[in-house]
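J.: Here's my sequence, what's the structure:
(chains A, B, C, D, E and F)
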Protein chains: 6
Amino acid sequence: MPYVRIEMLAGRSEDQKAEIAKAVTEAMVTHGKATPGSVFVVFQDVPASDWAVAGTLMSRRETKPG
Amino acid sequence: MPYVRIEMLAGRSEDQKAEIAKAVTEAMVTHGKATPGSVFVVFQDVPASDWAVAGTLMSRRETKPG
Amino acid sequence: MPYVRIEMLAGRSEDQKAEIAKAVTEAMVTHGKATPGSVFVVFQDVPASDWAVAGTLMSRRETKPG
Amino acid sequence: MPYVRIEMLAGRSEDQKAEIAKAVTEAMVTHGKATPGSVFVVFQDVPASDWAVAGTLMSRRETKPG
Amino acid sequence: MPYVRIEMLAGRSEDQKAEIAKAVTEAMVTHGKATPGSVFVVFQDVPASDWAVAGTLMSRRETKPG
Amino acid sequence: MPYVRIEMLAGRSEDQKAEIAKAVTEAMVTHGKATPGSVFVVFQDVPASDWAVAGTLMSRRETKPG
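T.: Have a look, this model is predicted:
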């Protein structure tokens, strides 16, 4: 039943998300005693123009942290 | 003032969302003593490639649960 | 698989939440073509001191909307 | 470290978001004692067909509140 | 109608939240063209034992960033 | 910069959360190319009386899935 929401800058591939979802689910099972079928993972890609750090949108920074 | 967020696999029509929003709002009014105008409902369509259950993305499953 | 998050002012009883969860789930099944077992509803009670409308915390308003 | 999520009807420009992110971050620093670099702001544009008030989708209302 | 969710380490006073809510709402009105009454702000206090950065819970760090 | 939110039934210990946060962060670094310091993980413990599946609150079920 755990619900995991992952918000990150757009740009990760479906393969990357598949690997992340697998590893996160394993973490919930191994360390959180969840059953695998009960773990939900939802990704939300956030455009650089919708994410700000230190008051500045990522789309307007010169270097973009991961 | 209740805020209701509904995340579901993309694919429902605007008509379906309209019906869901109406019924959810009625539930909040009838059972939660909210005033109708205070109920907000936000839908977020989640692509099958952004939703995983049991460690596997919906886009890579053979049968996709509702 | 729909995930429904309901944030509302603290104060509803468990009975009220049970009724809301039942009605919301029915709405998702009837209008959203979800299977009942796939619908998750999470409530979050928000204290009046953590909810503001029009720039004023609910805990500091004279009349508190629903 | 504060995380701020802003959901609003789609339609604001990147310039508007840049101004909002800047002002919200300043508010967190001035009133919340956060360090600027620790403040994250994420915007989510919500289409009018995904936002309901009083049981009616914004896309089906005659006048759309801000 | 904008909905703003602010998650931060527990510890801010109600006065601080009142100031933040006021300033954030003003930002949404000034830069986002929202009407004041349409802006909702929800705070969620997060205990240091429920917030991790760089893989370490805040409750287990020696210095806790803001 | 990835933000990960984990909602699960209350009951996990701080040690369990520390292990989960560590493993989830490693997953984001290994598979998502994030830098460790950019990964935020927030846990929200959900009481059984605030979580429903199939229209029934966990607090009222006879067997509680993980």
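J.: For residue A:11, what are phi and psi?
T.: Residue A:11 has phi and psi values of phi 140, psi -20 when expressed as degrees, to the nearest 10.
J.: how much space between it and chain E?
T.: According to CB to the nearest CB, to the nearest Å, residue A:11 stands 21 Å off from chain E. All C-beta atoms are positioned from the backbone trio N, CA, C, and that covers glycine.
J.: What of residue A:6?
T.: Remark: distance between residue A:6 and chain E (CB to the nearest CB) = 14 Å.
J.: Repeat that for residue A:39.
T.: Applying CB to the nearest CB, the value for residue A:39 to chain E is 18 Å.
J.: Then residue A:9?
T.: 17 Å.
J.: ok, that residue touching residue F:1?
T.: Yes. In terms of CB atoms under 8 Å, residue A:9 counts as a neighbour of residue F:1; the distance is 6.3 Å.
J.: how about the closest residue to residue A:2 other than its chain neighbours, phi and psi?
T.: What sits nearest to residue A:2 in space, not counting adjacent residues and going by CB to CB, 6 or more residues apart in numbering or on different chains, is residue F:8, at 4.1 Å. Per-residue torsions, residue F:8: phi -150, psi 160 (degrees, to the nearest 10).
J.: Just give me the neighbour total for residue F:8.
T.: Counted with other CB atoms under 10 Å in any protein chain shown, residues neighbouring residue F:8 total 25.
J.: if I pick it, what's in contact with it?
T.: With contact set as CB atoms under 8 Å, 6 or more residues apart in numbering or on different chains, residue F:8 has these partners: A:1-3, A:28, A:32, A:34, F:43-46.
J.: what's the answer for residue A:27, then?
T.: F:19-20, F:23-24, F:27.
J.: same thing with residue A:24?
T.: Applying CB under 8 Å, 6+ apart to residue A:24 gives the contacts A:4, A:6, A:39, A:41, B:55, F:4, F:23-24, F:27.
J.: Report the two of those residues separated the most.
T.: For the contacts of residue A:24, the maximum inter-member distance is 15.5 Å, found between B:55 and F:4 (CB to CB).
J.: Name the residue in the two with the higher neighbour count.
T.: Set side by side, residue B:55 and residue F:4 give different neighbour counts by other CB under 10 Å, the larger being at residue F:4 (24 against 18).
J.: Provide the secondary structure category for that one.
T.: The three-state label given to residue F:4 by DSSP: H, G, I helix; E, B strand; the rest coil is strand.
J.: Give the bridge partners for it, please.
T.: Beta-bridge pairing for residue F:4 (DSSP bridges): residue A:6, residue F:41.
J.: Surely it is in contact with residue F:43?
T.: No. Residue F:4 lies out of contact with residue F:43 (CB under 8 Å); the separation is 9.4 Å.
J.: coming back round to it: using pLDDT, spot the least trustworthy of the contacts of residue F:8.
T.: On pLDDT alone, residue A:1 ranks lowest of those, at 74.
J.: what's stretch A:48-55 in contact with?
T.: With contact meaning CB under 8 Å, 6+ apart, stretch A:48-55 is reached by A:9-10, A:57-59, A:61, A:64-65, D:14, D:17-18, D:21-22, D:24-26, D:36-37, D:39-45, F:1.
J.: which of these count as buried?
T.: Among the contacts of stretch A:48-55, the ones that count as buried by 16 or more other CB atoms under 10 Å in any protein chain shown are A:9, A:57-58, D:17-18, D:21-22, D:24-25, D:39-45, F:1.
J.: Of the residues you listed, which belong to helices?
T.: D:17-18, D:21-22, D:24-25 (DSSP state H).
J.: a markdown table please, covering those residues and showing pLDDT.
T.: As requested, those are exported to a markdown table (pLDDT from 0 to 100):
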| residue | pLDDT |
| --- | --- |
| D:17 | 98 |
| D:18 | 98 |
| D:21 | 98 |
| D:22 | 98 |
| D:24 | 98 |
| D:25 | 98 |
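J.: and which of those residues is nearest to chain F?
T.: Each of those was checked against chain F using CB to the nearest CB; the closest is residue D:21, at 13.9 Å.
J.: Near the closest residue to the closest one other than its chain neighbours, how many other residues are there?
T.: Taking CB to CB, 6+ apart, and ignoring the residues beside it in sequence, residue D:21 has residue A:52 as its nearest neighbour in space, at 3.6 Å. By the measure other CB under 10 Å, the count of residues near residue A:52 is 27.
J.: what's the answer for residue A:15, then?
T.: Residue A:15 has 10 neighbouring residues, counting by other CB under 10 Å.
J.: what separates the helix or strand containing it from the chain centre, distance-wise?
T.: With elements taken from DSSP states H and E, the one containing residue A:15 is helix A:14-32. Here the centre of helix A:14-32 is set off from its chain's centre by 10 Å, with CA atoms, centre = their mean, to the nearest Å.
J.: Please find the angle between the direction vectors of that helix and helix F:14-32.
T.: Relative orientation of helix A:14-32 and helix F:14-32, computed by axes from the mean of the first three to the mean of the last three CA atoms, to 10 degrees: 160 degrees.
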